[in-house]
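Novice: 3D, please:
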Amino acid sequence: MLQEVVITTNANESLKPLLEVAIQNQLKALQHGIQRTKERVAEFEKRAGMSSIEFEKKIQTEEVDETIETIDWNMELAALRLLEGQYQSLSEAEIG
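Specialist: Take a look at the predicted model:
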């Protein structure tokens with residue numbers, strides 16, 4: 001879905017370079033968040049001895065008990081998907 005954002009200002013300097021830097025900084029922040037979240041997910045996988053894919057299948061079929069640990073793992077996976085989606089969306093942005 002194509003989205004367009006129009007920004008207007010009375011400032012004398014060009015906004016384009018400022019927006020490009022802001023986007024690059026946000027992409028770096030998202031990359032950092034993705035990396036940290038992947039590390040936490042890997043810790044859950046190691047402790048449980050299963051991949052996140054296996055974990056999610058077992059959660060859906062109720063083969064895994066709901067505990068603080070499994071809730072946290074599930075939340076990390078949701079956070080990872082959110083961060084990756086935001087990164088993808090922002091990395092595709094074009095400033096015209």
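
Novice: Beyond the helix or strand hosting Val41, next helix or strand please.
Specialist: Per DSSP states H and E, Val41 falls inside helix 15-48. Proceeding N to C from helix 15-48, the next assigned helix or strand is helix 52-60, under DSSP H and E.

Novice: quick check: mean pLDDT across that following helix?
Specialist: With pLDDT averaged residue by residue, helix 52-60 scores 96.

Novice: Next: stretch 21-40.
Specialist: For stretch 21-40, the per-residue pLDDT values average out at 98.

Novice: Sort out which residues of it are buried, please.
Specialist: Residues of stretch 21-40 classed as buried by neighbour count (16 or more other CB atoms under 10 Å): 30, 33-34, 37, 40. From N, CA and C alone the C-beta is placed, and that goes for glycine too.

Novice: And stretch 47-54, by the same measure?
Specialist: 48, 52.

Novice: Quote the end-to-end distance of it.
Specialist: With CA to CA, to the nearest Å as the measure, the ends of stretch 47-54 fall 14 Å from one another.

Novice: just to revisit the earlier point, tell me the one of the buried residues of stretch 21-40 nearest Tyr87?
Specialist: The shortest approach to Tyr87 among those belongs to Leu30, at 4.4 Å (CB to CB).

Novice: and the closest residue to that closest one other than its chain neighbours, what is it in contact with?
Specialist: With CB to CB, 6 or more residues apart in numbering as the measure, Tyr87 is the residue that lies nearest to Leu30, at 4.4 Å, once sequence neighbours are left out. Applying CB atoms under 8 Å, 6 or more residues apart in numbering, one finds that Tyr87 lies in contact with 27, 30-31, 34.
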